[in-house]
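Novice: Here's my sequence, what's the structure:
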Amino acid sequence: MTWSETLRTGWAAVRGHALRSMLTVLGILIGIAAVILTVGLGLGTQKDVSQQISALGSNLLIVTPGSATDSDGVRGGFGSAATLTRSDAAALGSSVNAPDIAAVAPEKESALSVEANDTNWTTTVLGSTVDWPDVRSRTVASGEFFTADDDAAGATVAVVGATTATELFGTTRVVGQQLTIAGTAFTIVGVLSEAGSSADSDLDDLVVIPLTTAADAVSGGLDRNAVSTIYLQAASADQLSAAHQEAQALLLNLHDITDADAADFSIDSQDSLVSTATSVYRTLTVLLTGIAGLSLLVGGIGVMNIMLVSVTERTREIGLRKALGAPPWAIRRQFLVEAAVLGLAGGVLGAALGIVGALTLPRLLDTSVVVSGAAVGGSVAVALAIGLVFGVYPATRAARLAPIDALRSE
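Specialist: Residues are numbered from 1 along each chain as shown. Predicted structure coming up:
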């Protein structure tokens, strides 16, 4: 038989038992779709995390305070002690002390109730400096950001996020309006452009005020010089490592610490955050893909089972073909083609279902799903391989049947 005759006969055999063939293909179809969606969700999540971390700012280093120890000797996590100060931020902003650091934005963060027009809204109140928009890659949609003079004078001015403005006033056109924080009235001088969400937090739900004002008016003078975080912007991506080393050496010296392992602060970079998140999601993707791959194994077993049934049903046909001179390789090829058709059909249909799912899931789960061409092509190839691999034994069994025994079977 020629290849065209073999393919035509194989397709006719599969089509002749449509329901049985469809159920066999279903096992492979589900496995292929699951693999494509799992890989797509993993890649999509990595993409979302990278974008969220990038939204924090460009070429960014994040300095957080160390840990505190209570009266029982229990040590808290990083950020539980007030070990960073405005003096630290000023030293880090010096081009003499740290030439690879382009800008510094210390933050004094509090979760406070904000009032306006008899409306209360609990939001994040940040005290920072004039460099905050540049360091955090934020822009002002309307109005303007407060100035260095406002910070020096402790002016009661505020810049609000879009969410906060909408919750308090029902609109983002709020420049010139008044709001009250911790009993102090502030004038809104600007509204930030929308930035979306990051790590389950709304980046637009905040109020930014001068750092001096936050120390005096909001904190009530307590821990006036303490800051909760210091954001550092390296001069360029290539200078990020140098900026990290300069910041660490300078803070160790300022805090009179000789052993870096005993530092009362930590410095994280975007690269380390992205690397850690990517590693976690890559591991989860591999794990879930392995689980989805089990369904492909089940589908392969289904192909073998159906092909064995087909061999049994067509024993007399095999005997007749052998009696007419068909060599064993022709019989083997015939059944391998049928198994390959089942595998390929499952792969193509599974890939189509996976792509449809990848287009639909983002609307339901509010997450990105990246369709990988390599995953789609690889999945179809794997499906075809499964059909061939699991069709080898039934095909070999058919090829080894003795013509006389095959013709005698009922």
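Novice: so how far is the longest helix anywhere in the chain from its chain's centroid?
Specialist: Secondary structure of the chain per DSSP state H: the longest helix is helix 270-313. Counting by CA atoms, centre = their mean, to the nearest Å, helix 270-313 is centred 20 Å from the centre of its parent chain.
Novice: tell me the angle of whichever helix or strand comes after it relative to helix 270-313?
Specialist: Sequence order places helix 315-323 as the next helix or strand after helix 270-313, per DSSP states H and E. Interaxial angle, helix 315-323 versus helix 270-313 (axes from the mean of the first three to the mean of the last three CA atoms, to 10 degrees): 80 degrees.
Novice: So which other helices or strands are in contact with helix 315-323?
Specialist: If you count contacts as 3 or more CB pairs under 8 Å, 6 or more residues apart in numbering; DSSP states H and E, helix 315-323 packs onto helix 328-365, helix 403-408. Where C-beta positions appear, they are placed from N, C-alpha and C, glycine not excepted.
Novice: that older thread, so what does the longest helix of the chain touch, helix or strand wise?
Specialist: Judged by 3+ CB pairs under 8 Å, 6+ apart, the packing partners of helix 270-313 are helix 18-54, helix 328-365, helix 373-399.
Novice: pLDDT on the second one, on average?
Specialist: Averaging the model's pLDDT scores along helix 328-365 yields 83.
Novice: coming back round to it: ok, and which of the helices and strands packed on helix 315-323 has the densest surroundings?
Specialist: Highest mean neighbour count of the helices and strands packed on helix 315-323: helix 328-365, a mean of 20 (counted as mean count of other CB atoms under 10 Å).
Novice: helices or strands next to that one in the packing?
Specialist: So helix 328-365, by 3+ CB pairs under 8 Å, 6+ apart, packs with helix 3-16, helix 18-54, helix 270-313, helix 315-323, helix 373-399.
Novice: Setting aside sequence neighbours, what's the nearest residue to the residue nearest to the spatial centre of the chain?
Specialist: Here the mean C-alpha position of the chain is nearest to the C-alpha of Thr45 (CA atoms, centre = their mean), at a distance of 2.2 Å. Once flanking residues are discounted, Thr45 sits nearest to Tyr281: 5.1 Å by CB to CB, 6 or more residues apart in numbering.
Novice: still on that earlier bit, now the helices and strands packed on helix 270-313 in CSV, please, with extra columns for distance to Val175.
Specialist: Output for the helices and strands packed on helix 270-313, formatted as CSV (distance: least, CB to CB, whole Å):
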stretch, distance to Val175
helix 18-54, 28
helix 328-365, 35
helix 373-399, 48
